[in-house]
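[1] Everything below, folded, please.
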Amino acid sequence: MKELVDFIVLIIIYFWKFYKKWKEKGRDVLFVNSIMYIYLSFVLYFTLMPIITSLPFIFNHPYDLMNFIPFIDVLNSRGDFVRQVGLNVIMTIPFGFLMPLVKKGNARLLNVIFYTFLLSLGIELLQPLINDFRSSDITDLITNVIGGSIGYVMYLIFKPLTIKILNYLKSR
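    Numbering: from 1, shown residues only. This is a model prediction of the structure:
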């Protein structure tokens, strides 16, 4: 229920700041940017929310530093590491696919890796700040970048089809 506040704010921001600007640039831009916005909203939901209702309490718990030993959970067979690694890869595949579309095809693999890294680093640094149930881990950064890279490769594979769809939207 606390997440509802965050979603309401995200909806207000979408219509107040982005919708009109993207719509003026064409249906294709509105479609791609809106999909990316919705995707990033769900990433926030799964990684950081509730944010707004947590803000008054961010200093009520210690900030745990990031674990810098890659794949320590895998190496020590702790928890559901296979699920966590898989979900982290899957979570950023759409980002790697959508980034070149948002950037109008100007995003290269290195750009996608860089932006995926920044997205993941931001999440990892904020998670322990928002609440004390979450931790940050270098493994998440690595697996998120792998997911973004896979998404970019998928973009390259489906680029002809994607361009046809966007051209269709643009012409309507």
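[2] can you give me the helices in the chain?
    For the chain, the helices defined by DSSP state H occupy 2-13, 19-24, 27-47, 72-75, 81-102, 109-130, 138-171.
[3] Kindly reformat the ones you listed as a markdown table containing mean pLDDT.
    Converted to a markdown table, these look like this (pLDDT from 0 to 100):
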| stretch | mean pLDDT |
| --- | --- |
| helix 2-13 | 94 |
| helix 19-24 | 97 |
| helix 27-47 | 96 |
| helix 72-75 | 80 |
| helix 81-102 | 94 |
| helix 109-130 | 94 |
| helix 138-171 | 94 |
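[4] Tell me which of those sits most buried.
    Across the helices of the chain, averaging neighbours per residue (mean count of other C-beta atoms under 10 Å) puts helix 81-102 on top, at a mean of 19. For every residue, glycine as well, the C-beta is placed using N, CA and C.
[5] what helices or strands is that helix leaning on?
    helix 27-47, helix 72-75, helix 109-130, helix 138-171 (3 or more C-beta pairs under 8 Å, 6 or more residues apart in numbering; DSSP states H and E).
[6] Other residues contacting it?
    Helix 81-102 is contacted by residues 32-33, 35-36, 39-40, 43, 46-47, 71, 73-74, 106-107, 111-112, 115-116, 119-120, 139-140, 143-155, 158, 162, 166 when judged by C-beta atoms under 8 Å, 6 or more residues apart in numbering.
[7] Could you export it as CSV, CA atoms only?
    Provided in CSV are the C-alpha atoms of helix 81-102 (Å, rounded to 0.1, in the frame of the first residue of the first chain):
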residue,chain,number,x,y,z
PHE,A,81,21.7,-17.1,-5.3
VAL,A,82,20.7,-18.8,-8.6
ARG,A,83,17.3,-17.0,-8.4
GLN,A,84,18.9,-13.7,-7.5
VAL,A,85,21.5,-13.8,-10.2
GLY,A,86,18.8,-14.8,-12.8
LEU,A,87,16.4,-12.1,-11.7
ASN,A,88,19.2,-9.4,-11.8
VAL,A,89,20.1,-10.4,-15.4
ILE,A,90,16.4,-10.6,-16.5
MET,A,91,15.7,-7.2,-14.8
THR,A,92,18.0,-5.2,-17.1
ILE,A,93,17.5,-7.0,-20.4
PRO,A,94,14.6,-4.5,-21.3
PHE,A,95,16.9,-1.6,-20.4
GLY,A,96,19.6,-2.8,-22.8
PHE,A,97,16.9,-3.3,-25.5
LEU,A,98,15.1,0.0,-25.0
MET,A,99,18.1,2.3,-24.5
PRO,A,100,19.1,2.3,-28.2
LEU,A,101,15.5,3.1,-29.1
VAL,A,102,15.3,5.9,-26.7
